[in-house]
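Novice: can you look at this prediction? I've put the sequence above it.
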Amino acid sequence: MSGTVAVLGVGAMGSRVARRLLAGGLGVSVYNRSPDATVALQSQGARVATTPREAAGGADVVVAMVTDDDASRAVWEGEEGALEGLVPGAVAVESSTLTPTRIRELAARAQARGASFLDAPVVGSRPQAEAGQLVYLVGGDEATLARVRPVLDLAGSAVHHVGEVGQGTAMKLAVNALFAVQVAALGELLGFLRRSGVDEARAAEVLGALPVLSPAAKGALASMAARNFAPLFPVALVTKDLRYILEAATTGEAELPLSQAAREVFGRAEAAGYGHEHLAAVARLFGGHGPTRSP
């Protein structure tokens, strides 16, 4: 694909995606609330914009990767928001993990500007973004997805079309809730085993060898056993995502008792001061209060 892509939000994830796009030969403009984060990208060939509107101006595809609904509104809306910079025929892609309600609201506003829209949140963290191994969960029109597929393929190893706008986001919230439930359970069970006299390292080794663990849960267990809580998926973001899925469940009259329980556990971890640490730090609530290893 030729053309230009704007990336709004070049933090831990967005910066890595922008680098993958630059390496793929695309023209890339970037915007970040904290300008310091754009310096390295500028040296690699990105055009740095001072507002989201400027970044989006003339771009064929505009991708946002920010923290939450409020941050999404900040980069897309207002006089200097990216919506004002969209040109007719552009594609707006929201890759942040937001609420389905926010996604549908944003889609309507983008389409009112004559642009197409996809919600395309990603599964994966910093190592996957660095390696171009993110997995995209996409909601929206198949024809629009086909147009931006070359962009997504530069940053990801798989693209799953889930359904209509908002359904990619619903799937992402379900994925994150499933992971959070597993990690919360591992944290409490590791504490139980420790108090039962089982060597923690041995417990992690045995559990990791059994088919009951997903690969992601096995990685979280290794982090717990090693007391390595360097942030990949911080507790504060897990708490936010669980809150979002519970809000969406209320709207759709779905029951999520296990997600609610996980939300309470991660809320405790955040209140205890572990919000900036990797979600595996939830184990500290159950007896894993050893020192945190530096990243």
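Specialist: All right, it came through fine.
Novice: any idea how far Gly132 is from the residue nearest to Gln133 when sequence neighbours are not counted?
Specialist: Taking Cβ to Cβ, 6 or more residues apart in numbering, and ignoring the residues beside it in sequence, Gln133 has Ser157 as its nearest neighbour in space, at 4.5 Å. All C-beta spots, glycine's among them, are computed from the backbone N, C-alpha and C. Here the criterion is Cβ to Cβ, to the nearest Å. By it, Ser157 lies 7 Å from Gly132.
Novice: pick out whichever of these two has more residues nearby.
Specialist: Using other Cβ atoms under 10 Å as the criterion, Ser157 and Gly132 rank with Gly132 on top: 19 against 13.
Novice: who are the contact partners of the residue nearest to the more buried one when sequence neighbours are not counted?
Specialist: Nearest residue to Gly132 in three dimensions, chain neighbours excluded: Arg20, at 5.1 Å (Cβ to Cβ, 6+ apart). Contact criterion Cβ atoms under 8 Å, 6 or more residues apart in numbering gives 129, 132, 154-155 as the residues in contact with Arg20.
Novice: just to revisit the earlier point, mind listing what the residue nearest to Gln133 touches?
Specialist: Contact partners of Ser157, counting by Cβ under 8 Å, 6+ apart, are 128, 132-135.
Novice: okay, now Ala174: neighbour count?
Specialist: Burial measure for Ala174: 16 neighbouring residues, criterion other Cβ under 10 Å.
Novice: ok, now how distant is the residue nearest to it when sequence neighbours are not counted from Val138?
Specialist: Spatial nearest neighbour of Ala174, excluding adjacent residues (Cβ to Cβ, 6+ apart): Ile245 at 6.9 Å. For Ile245, the distance to Val138 under the criterion Cβ to Cβ works out to 18 Å.
Novice: quick one, phi/psi of Gly275?
Specialist: Per-residue torsions, Gly275: phi -60, psi -30 (degrees, to the nearest 10).
Novice: return the distance of it relative to Arg126.
Specialist: Noted for Gly275: a distance of 18 Å to Arg126, by Cβ to Cβ.
Novice: picking that back up, out of the contacts of Arg20, which is nearest to Val212?
Specialist: Proximity of those to Val212 was ranked by Cβ to Cβ; the top entry is Ala129 with 28.4 Å.
Novice: how does the chain divide up, domain by domain?
Specialist: Described in terms of automatic domain parsing, the domain architecture of the chain consists of the residue ranges 4-164, 170-286.
Novice: average pLDDT across the last one?
Specialist: Which is domain 170-286. In this model, domain 170-286 has an average pLDDT of 95.
Novice: what's the straight distance from one end of that domain to the other?
Specialist: Start and end residues of domain 170-286 are separated by 30 Å (Cα to Cα, to the nearest Å).
Novice: that older thread, which one's more surrounded, Gly275 and Arg126?
Specialist: A side-by-side neighbour count of Gly275 and Arg126, using other Cβ under 10 Å, places Gly275 first with 18 against 15.
Novice: if I look at the closest residue to the more buried one other than its chain neighbours, how far off is Tyr244?
Specialist: Distances taken as Cβ to Cβ, 6+ apart put Ala236 closest to Gly275, at 3.8 Å, once the chain neighbours are dropped. Computed with Cβ to Cβ, the distance linking Ala236 and Tyr244 is 13 Å.
Novice: out of those two, which sits in the busier spot?
Specialist: Set side by side, Ala236 and Tyr244 show more neighbours around Tyr244, with 24 against 18, by other Cβ under 10 Å.
Novice: isn't that one up against Ser96?
Specialist: No - applying Cβ atoms under 8 Å as the test, Tyr244 and Ser96 come out as separate, 10.8 Å apart.
Novice: give me the pLDDT for the residue nearest to Gly132.
Specialist: With respect to pLDDT, Arg20 has a value of 97.
Novice: give the next helix or strand downstream of the helix or strand that contains it.
Specialist: Here Arg20 sits within helix 14-23, counting by DSSP states H and E. Read in the C-terminal direction, the helix or strand following helix 14-23 is strand 27-31, with elements assigned using DSSP H and E.
Novice: what are the pairing partners of that following strand, and which direction each?
Specialist: In the sheet, strand 27-31 lines up against strand 4-8 (parallel), strand 47-48 (parallel) (DSSP bridges).
Novice: average pLDDT for it, rounded please.
Specialist: Across strand 27-31, pLDDT averages out at 97.
Novice: next SSE after that strand?
Specialist: Tracing the chain C-terminally past strand 27-31 and defining elements by DSSP H and E, one meets helix 39-43 next.
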